[in-house]
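Peer 1: Sequence and predicted structure, then a few things I'm wondering about:
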Amino acid sequence: MDSKQIRIVFMGTPEFAVPSLRALVEGGYNVVGVVTTPDKPAGRGQKLHESEVKIAARELGLPILQPEKLRAPEFLEALQAWQPELGIVIAFRMLPESVWALPRLGTFNLHASLLPQYRGAAPINRAIMNGETETGVTTFLLNHEIDKGAILAQERMPILPDDNVGTLYDKLMHAGTKLVTDTVDRIAAGDVAPIEQQHIDESTLRPAPKIFKEDCRIDWTQQGSAIVDLIRGLSPYPAAWTTLRREDGGEETTAKIFKARFEPTAHGAAPGTVESDCRTFVRAACADGWIALEELQIAGKKRLPVRDLLLGWRDVLQYRFGE
């Protein structure tokens, strides 16, 4: 079977999916149509916002479907009219069987982890937050359960000490692009041996659930390495945060921290205690040392390197981090 002749329907929404879509089209693969989310109002003016995948699909001249409901008869009829032979899903919605089972070769998903580890909505964030030193991308066949289909292919990647979710996102996005085209080629060649996930001991797995605001709060009683991993795993978005309050019981605000390093040392300071020379550094006490802040944003202010922030924050020693 010629991989360039397979009729592919591509389903996705955000930027993470766009390089794979472009690589398929520019590589000569037969993408017959794209499914993405409906336009949604956003911003102060509530102007309709198009998904990154829709914008790319339009630039590439591809037919586009934007169903409100994936089980709607009119959508299923339009999808079937494309006569897809293979479905590819990247960062989309959970599909009903009537959609993922429609192509005769099945539908595969690209996931930003080494499945079965980090199933869920936030695999890149959670891997860094948990201090992992390796991750990767996986293609797997869709079935009735989220992220539990048979694995087709994987590509491993180290997580470097200076990686954050932004840098790792970019690396995995491009690694995933190659894995997607490789997976199509291998399916066409009959060179895949799907590995089932059903018999894996669930107690050995780390999940990757959606991240909420409280997941991003820094606990200064923790060890420094865990705090830095939390900051890295949430930078630049949604960002780790902490309360910031005056020692005299006055003003309380919050700060987002985007970059920091751990300085291990014994000390007798209470967690969250601030040290600074008021010119070049700010650091906060944690369980086993100090967290030296490098880039942060106080609520209502700009995101700044700490040296720039200190130019206007002369009373920094009057504050402490945390409760």
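Peer 2: Looks like it arrived, so ask away.
Peer 1: hey, which strand is longest across the chain?
Peer 2: Selection of the longest strand in the chain by residue count, based on DSSP state E, yields strand 252-264.
Peer 1: Poorly predicted segments of this structure, please.
Peer 2: Within the chain, the set of residues satisfying pLDDT under 70 is empty.
Peer 1: Counting by contacts, list what the longest strand of the chain packs against.
Peer 2: Packing contacts for strand 252-264, counted by 3 or more CB pairs under 8 Å, 6 or more residues apart in numbering; DSSP states H and E, involve helix 224-233, strand 240-246, strand 289-298. Just so you know, the C-beta spots here come from the backbone N, C-alpha and C atoms, and that holds for glycine as well.
Peer 1: Check the ones you listed for me and report the most buried one.
Peer 2: Comparing the helices and strands packed on strand 252-264 by mean neighbour count (mean count of other CB atoms under 10 Å), helix 224-233 ranks first with a mean of 23.
Peer 1: ok, and for the longest strand of the chain, which residues are buried?
Peer 2: Neighbour counts over strand 252-264 (16 or more other CB atoms under 10 Å) mark 255-260, 262 as buried.
Peer 1: for stretch 54-67, same thing?
Peer 2: Buried residues in stretch 54-67, defined by neighbour count with 16+ other CB under 10 Å: 54, 56-57, 62, 65, 67.
Peer 1: In terms of helix, strand or coil, where does M11 fall?
Peer 2: Under DSSP: H, G, I helix; E, B strand; the rest coil, M11 falls in the strand class.
Peer 1: Tell me which residues touch it, please.
Peer 2: 34-36, 87-90, 92, 95 (CB atoms under 8 Å, 6 or more residues apart in numbering).
Peer 1: Check which helices and strands the helix ranked longest in the chain is in contact with.
Peer 2: Longest helix of the chain, by residue count under DSSP state H: helix 165-189. Here helix 165-189 touches helix 18-26, strand 86-90, strand 107-111, helix 123-129, strand 134-141, strand 151-158, going by 3+ CB pairs under 8 Å, 6+ apart.
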